[in-house]
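[1] Give me coordinates for this.
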Amino acid sequence: MVQIIFDSNKHFYDPNNMIFHMSEKDVKFASTYEMVNPKTNKSMVFEFTHSTGPEFDPKTVYVYKNKEAMVSIFVHNDPKITGQRAKAYLAAKLKQ
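    Numbering: from 1, shown residues only. Take a look at the predicted model:
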């Protein structure tokens, strides 16, 4: 489990949809996150449920849900990082 300390400079919370949005460059990839509110020191656990597209699509979002509160985390692919990973993957495959 990876712990995320909520930081309003890096993370955005949409109260209408109850979704935290963040870039992949601001969190380590994991199947489970614990989001901590630094003001209250309370936390919530989020489990990976699905992605909205393929790994190397810059528009893909990884969706994590908290079962008790019906709150979600959306981790968005970063276009620059995703492009670099796609190129590295292709280069590795073409060397075979």
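[2] List the contacts of the worst-scoring helix or strand of the chain on mean pLDDT.
    Every helix and strand in the chain was compared by mean pLDDT, DSSP states H and E; the lowest is helix 79-94, with a mean of 89. For helix 79-94, contacts defined as Cβ atoms under 8 Å, 6 or more residues apart in numbering pick out 24-25, 55-58, 60. Every C-beta, even on glycine, is put in place using the N, C-alpha and C of the backbone.
[3] Dump these to TSV, plus pLDDT and secondary structure.
    Formatted as TSV, those follow (pLDDT from 0 to 100; DSSP: H, G, I helix; E, B strand; the rest coil):
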residue	pLDDT	secondary structure
24	96	helix
25	95	helix
55	91	coil
56	92	coil
57	94	coil
58	94	coil
60	97	coil
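[4] In ChimeraX, how would I select the buried members of those residues?
    Buried members of these, defined by 16 or more other Cβ atoms under 10 Å, are picked up in ChimeraX with:
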select :24,60
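[5] still on that earlier bit, tell me which residues of the least confident helix or strand of the chain are tucked away?
    Within helix 79-94, the residues that count as buried by 16+ other Cβ under 10 Å are residue 82.
[6] centre of the chain versus stretch 31-47, how much separation?
    Stretch 31-47 sits 13 Å away from the centroid of its parent chain (Cα atoms, centre = their mean, to the nearest Å).
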